[in-house]
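> I'll drop the sequence and a predicted model, then ask my questions.
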Amino acid sequence: MNVDLNEINSRLTGPDAAAVKASLERWSLVAKPLKSLGALEDLVTRIAGITGEARFDIGKRALVVMCADNGVIAQGVTQTDESITALVAADLAKGCSSANLMARVARADVIPVDVGVKYPPDAPGLISRRIAAGTRDFTSGPAMTREQALRAIGVGIETARECREKGYRLIATGEMGIGNTTTSAAVAAVLLGCEPRGITGRGAGLSDEGLKRKIAAIEKGIAVNRPDADDALDVLAKLGGFDIAAMAGLFIGGALERLPVVIDGVISAVGALAARRLCPGCAFAMIPSHMSAEPAARRIFGELGLEPVIRAGMRLGEGTGALCLFPLLDMAMALYDGLVFSDIGMEAYTPQS
Ligand SMILES: O=C(O)c1ccc[n+]([C@@H]2O[C@H](COP(=O)([O-])O)[C@@H](O)[C@H]2O)c1
Ligand SMILES: Cc1cc2nc[nH]c2cc1C
């Protein structure tokens, strides 16, 4: 797919003001004090603005899990290795990983995509959109070429379009890739202009020594590659992963399709930040879910101006935090679609507080 980010950006027109207005009017009729569902009310109205419809159905929903490996794990920045990426990617395809179990509760389909697993498993159901067998170790040069980064973004954009064509009306982003909290912290440090040590965490589990190696690897990657902070594609190509780039594509593609895209943990949030830098017009289609325990998450959501409603200290990935938002949205929608004041013989009123 030929990706022209400027052309895409020029096609993005932002939230639909009429749908937002009609959604606010609908909430004012629902038989409860206005704003009493707090941020959940705002999320429903945000979705109205994204879809362009005040009344919508988010019953058909999917979680897209971008799976890829990261060459930087050669620096000893993780507790496990690429065999785990392959194992979990296969489990996602078989339907038995954490995300699948939670997706059943959230009534979401799971779509695992191989964008660059080093040892691809023989797993029917794992969609193959491979860019390469993992990225290169960024401590000795760019993780990928600029062209590969664009291709990975293109995979995300196409996947969002396919989801829309299949009738999905809400998608969540997820990822699987050992080492991707290192690539995420590196990309975030450059895009946010902050020191790696302030935003780098222990990922899936790391000793004090391991954390020191992780910070040193990120510092070296930045020093060796000298990414241009004003060129998000350069940052993604030099320090990112195929999973992050493909998730950035999901956010961009979702905005094009007027399909709400739910942000998951820190890796997904970095994808969202990169997407906004690449294509600012796509940000209106992003839906925050939870605040990852990884330290970069707070900084990224602050920068995105989004407030995740779930604060549970989660750091599992695979899209599990994004899935947690679905039942909450369902409950908010039950009221939005439910009784209005006239149904209970009462006049609509404006609460004084
Ligand atoms: O979503 C998060 O915020 C998150 C935080 C820590 C770890 N993870 C998951 O753990 C893996 C990355 O951890 P690591 O230590 O290998 O960089 C990757 O497969 C992610 O799905 C995910
Ligand atoms: C088992 C396992 C599952 C995961 N899912 C996301 N990251 C993971 C890391 C491990 C180790």
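Cool, the structure landed. Just so it is clear, the structure is predicted and the values come from calculations on it, not from any experiment. Ligands and ions are numbered 1, 2, ... in the order given.

> bridging residues for residue 286?
Under the criterion DSSP bridges, residue 286 forms beta bridges with residue 261.

> In contact with it, which residues are there?
Residues counted as contacts of residue 286 (C-beta atoms under 8 Å, 6 or more residues apart in numbering) are 251, 254, 261, 263, 272, 275-276, 304, 306. Using the backbone N, CA and C atoms, a C-beta is placed for each residue, glycine as well.

> Nearest to ligand 1 within the stretch 51-200 of the chain, name that residue for me.
Closest approach between the stretch 51-200 of the chain and ligand 1, counting by C-beta to the nearest ligand atom: residue 181, at 3.3 Å.

> What pLDDT is listed against that residue?
Per-residue pLDDT puts residue 181 at 98.

> what's the spacing between residue 348 and residue 30?
Using C-beta to C-beta, to the nearest Å, residue 348 is found at 9 Å from residue 30.

> cool, residue 305 as well?
Between residue 305 and residue 30 the computed distance is 26 Å (C-beta to C-beta).

> can you list contacts of the helix or strand harbouring residue 42?
Per DSSP states H and E: residue 42 is located in helix 39-51. The contact list for helix 39-51, computed with C-beta under 8 Å, 6+ apart, reads 15-17, 19-20, 22-24, 27, 35, 54, 56, 58, 169-170, 258-260, 284-285, 287, 307, 309, 328-329, 331-333, 336.

> Just the buried residues from these, in PyMOL please.
A single PyMOL command suffices to select whichever of these are buried according to 16 or more other C-beta atoms under 10 Å:
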select buried, resi 15+16+19+20+22+23+27+54+56+58+169+170+258+259+260+284+285+287+309+328+329+332+333+336
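
> What segments of the stretch 201-350 of the chain are helices?
Counting by DSSP state H, counting those that start in this stretch, the stretch 201-350 of the chain has helices at residues 208-225, 232-239, 242-257, 266-278, 296-304, 320-336.

> What parts of the protein come near ligand 2?
Neighbours of ligand 2 within the chain, by C-beta under 6 Å from any ligand atom: 80, 84, 88, 176, 204, 316-318.

> Longest helix in the protein, please.
Ordering each helix of the chain by length in residues (DSSP state H) puts helix 146-165 first.

> all helices of the stretch 1-150 of the chain, in order?
Secondary structure of the stretch 1-150 of the chain, counting by DSSP H, counting those that start in this stretch: helices at 5-11, 17-29, 39-51, 82-94, 98-106, 146-165.

> Pipe these into CSV and attach distance to ligand 1 per row.
What follows is those, written out as CSV (distance: least, C-beta to the nearest ligand atom, whole Å):
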stretch, distance to ligand 1
helix 5-11, 25
helix 17-29, 30
helix 39-51, 20
helix 82-94, 7
helix 98-106, 9
helix 146-165, 17
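
> how about those helices in TSV, adding mean pLDDT?
Below are these laid out as TSV (pLDDT from 0 to 100):
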stretch	mean pLDDT
helix 5-11	97
helix 17-29	98
helix 39-51	98
helix 82-94	98
helix 98-106	99
helix 146-165	98
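
> Which residues of the stretch 151-300 of the chain lie near ligand 1?
175-182, 203-204, 264-267, 292, 294.

> Of the residues you listed, which belong to strands?
The strands, defined by DSSP state E, take in 175-176 from those.

> If any of the residues of the stretch 151-300 of the chain next to ligand 1 are buried, put those into a ChimeraX selection.
The buried subset of those, as determined by 16+ other C-beta under 10 Å, is captured in ChimeraX by this line:
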select :175,176,177,178,179,180,181,182,203,264,265,266,267,292,294
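
> what's around residue 193, how many residues?
Each residue near residue 193 was counted by other C-beta atoms under 10 Å, and the total is 8.

> Let me fix that, I meant to ask about residue 198.
When counting by other C-beta under 10 Å, one arrives at 13 neighbours for residue 198.

> and if you look at residue 351?
That count, for residue 351 with other C-beta under 10 Å as the rule, works out to 9.

> Quick check: closest non-adjacent residue to it.
Spatial nearest neighbour of residue 351, chain neighbours left out: residue 33 (4.7 Å); criterion: C-beta to C-beta, 6 or more residues apart in numbering.

> The one you found - how many residues pack around it?
12.

> now it: how far from residue 304?
Distance, residue 33 to residue 304, using C-beta to C-beta: 29 Å.

> and residue 305 and residue 30? which has more neighbours close in?
Between residue 305 and residue 30, counted using other C-beta under 10 Å, the more crowded position is residue 30 (20 against 9).

> if I look at residue 191, how far off is residue 174?
21 Å.

> Who has more neighbours out of these two?
The neighbour comparison of residue 191 against residue 174 (other C-beta under 10 Å) goes to residue 174, with 35 against 23.

> In contact with that one, which residues?
Residue 174 makes contacts with 63-66, 99, 264, 268, 317-320, 322, as judged by C-beta under 8 Å, 6+ apart.
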